[in-house]
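Enquirer: how would this look folded up:
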Amino acid sequence: MTNTLLQHLHEKLEQNPCPVGSERRQAAVLLALTDESQPRLLLIRRSLHLSTHPGEIALPGGKFDAEDVDLRATALREAWEEVALRSEDVRYAGMLAPLVSMADLLVTPIVGVIPAQLLLHAHAGEVAEILYAPLAYFAEPKNLRADRILRNGGSWFTARFQFEHYTIWGITASFIVELVNKFYGTDLNVELRTPRAR
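Expert: Numbering: from 1, shown residues only. Got it, this is the predicted structure:
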């Protein structure tokens, strides 16, 4: 594996060791980028029978487990369980700021670099499909849309992308926006988009 992509990410991202220390329930997701000149982002389509977010495009990840030493371990464990991504194939690159999900989980995004030609396997009980999307696609302002979420008397904006026939939105899209802003030095801002009610 070359160090060029990894070095670039190290320069752009927070290198916090990912401790667990919040009163909220916590979770972690993995933004895994392929080690190539035009990196691609690993995404999954969740199984339709899951009780939360069935059929949605997501990042590998899940809830913190008491056996996890930190949130990086959570993201790596979940990636192994969901798509058979081995922890030794992931080079830690840093992390992004955590966000609170609609399920009131504090979700920490862990960024890593993986070999470009890995053979992964979807866990049939959780993942319906594994896909890769070029990171550069998400850096194009024309590809960013906004949804206004109306819930419990409040409203807020969330990002949305339409990649091929896949809709990527919510916290997953928000993490992607943050990653491309840091990676490419762009200034994508979902609140400047014309929102639609959801």
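
Enquirer: When you work out contacts or count neighbours from here on, use the C-alpha atoms and nothing else.
Expert: Fine.

Enquirer: the longest helix in the chain is where?
Expert: Secondary structure of the chain per DSSP state H: the longest helix is helix 170-184.

Enquirer: what mean pLDDT does that one have?
Expert: The average of the pLDDT scores along helix 170-184 is 95.

Enquirer: hmm, who's touching it?
Expert: For helix 170-184, contacts defined as C-alpha atoms under 8 Å, 6 or more residues apart in numbering pick out 8-9, 12-13, 57-59, 96, 99, 101, 109, 135-136, 138-139, 158-161, 186-188.

Enquirer: which among these end up buried?
Expert: Neighbour-count burial (16 or more other C-alpha atoms under 10 Å) is assigned, among the contacts of helix 170-184, to 9, 12-13, 57-59, 96, 99, 109, 135, 138-139, 158-161, 188.

Enquirer: Can you flag which of those residues belong to strands?
Expert: Secondary structure from DSSP state E places 57-58, 99, 109, 158-161 of these in strands.

Enquirer: which residues of this structure fall in helices?
Expert: Taking DSSP H as the criterion, the chain contains helices spanning 4-12, 71-83, 135-138, 170-184.

Enquirer: want to throw those into CSV with distance to residue 65?
Expert: Shown next, in CSV, are the helices of the chain (distance: least, C-alpha to C-alpha, whole Å):
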stretch, distance to residue 65
helix 4-12, 27
helix 71-83, 7
helix 135-138, 30
helix 170-184, 21
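
Enquirer: Residue 100: how many residues sit nearby?
Expert: Using other C-alpha atoms under 10 Å, residue 100 has 15 other residues around it.

Enquirer: how much space between it and residue 126?
Expert: 22 Å (C-alpha to C-alpha, to the nearest Å).

Enquirer: do the same with residue 5
Expert: Distance from residue 5 to residue 126, by C-alpha to C-alpha: 30 Å.

Enquirer: hang on, the earlier thing: nearest to residue 154 among the helices of the chain would be which one?
Expert: helix 170-184 (15.7 Å; C-alpha to C-alpha).

Enquirer: ok now the closest one, how far from the chain's centre?
Expert: Counting by C-alpha atoms, centre = their mean, to the nearest Å, helix 170-184 is centred 8 Å from the centre of its parent chain.

Enquirer: That one versus helix 4-12: what angle between them?
Expert: Angle between the axes of helix 170-184 and helix 4-12 is 100 degrees (criterion: axes from the mean of the first three to the mean of the last three C-alpha atoms, to 10 degrees).

Enquirer: let's have the chain start at 3 instead
Expert: In the new count, where the first residue is 3, that last one comes out as helix 172-186.

Enquirer: In helix 172-186, which residues are buried?
Expert: Neighbour-count burial for helix 172-186 [16+ other C-alpha under 10 Å]: 172-185.

Enquirer: just those now: which is nearest residue 71?
Expert: residue 177 (22.9 Å).

Enquirer: so what's residue 66 up against?
Expert: So residue 66 contacts 27-30, 73, 76 (C-alpha under 8 Å, 6+ apart).

Enquirer: For the nearest residue to residue 124 once chain neighbours are set aside, give its distance to residue 149.
Expert: Leaving aside its chain neighbours, residue 124 sits nearest to residue 85 (4.5 Å; criterion: C-alpha to C-alpha, 6 or more residues apart in numbering). As for residue 85, its distance to residue 149 is 29 Å (criterion: C-alpha to C-alpha).
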